[in-house]
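1. pasted the sequence and its predicted model underneath.
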Amino acid sequence: LEELTTTVRELVTLARERDVAITIDAEEVDRLELSLEVFRAVYESDAAKGWGHFGLVVQAYSKRALPTLQYLTRLADRQGDEIPVRLVKG
């Protein structure tokens, strides 16, 4: 988790410097929790804070889609930022 978070944080830093949006793909149901942990850690870091171009892909048909979206809404509200979300059918 620490290694993944560090790598994604570095990618977000580079993307922000180059004004390129970056999105984490959290589609795989078996790894959703890991994706959310990595996303949260990077989203709350200085690398992404206040940027508004670091987002997440969510499978719309998944049984956990609504709780995931609610979680992302709470993260965004707590930080006062936006989280771009892309819903996919799978």
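-> Everything's here; your move. Numbering: from 1, shown residues only.

2. which stretches of this structure have low pLDDT?
-> 27, 90 (pLDDT under 70).

3. the longest strand anywhere in the chain packs against which elements?
-> Under DSSP state E, the strand in the chain containing the largest number of residues is strand 54-59. Identification of packing neighbours for strand 54-59 by 3 or more Cβ pairs under 8 Å, 6 or more residues apart in numbering; DSSP states H and E yields strand 22-25, helix 32-43, helix 65-79, strand 85-88. Quick note: C-beta positions are derived from backbone N, CA and C, even for glycine.

4. so which bits of the last one are buried?
-> If you call a residue buried by 16 or more other Cβ atoms under 10 Å, then strand 85-88 has these buried ones: V85.

5. next one: the longest one
-> Residues of helix 65-79 classed as buried under the neighbour-count rule (16+ other Cβ under 10 Å) are 68-69, 72, 75.

6. residues touching that helix, excluding its own?
-> 26, 32, 36, 40, 43-44, 49, 56, 58-59, 62, 82-83, 85, 87 (Cβ atoms under 8 Å, 6 or more residues apart in numbering).

7. check the residues you listed and tell me the two furthest apart.
-> Within the contacts of helix 65-79, K49 and S62 form the most distant pair, 27.7 Å apart (Cβ to Cβ).

8. re earlier: possible to save the buried residues of helix 65-79 as CSV with distance to T7?
-> Listed next are the buried residues of helix 65-79 as CSV, based on distance: Cβ to Cβ, whole Å:
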residue, distance to T7
T68, 22
L69, 25
L72, 21
L75, 20
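
9. which one of those is nearest E2?
-> L75 (19.7 Å).

10. OK, contacts around E44?
-> By Cβ under 8 Å, 6+ apart, the neighbours of E44 are 75, 79.
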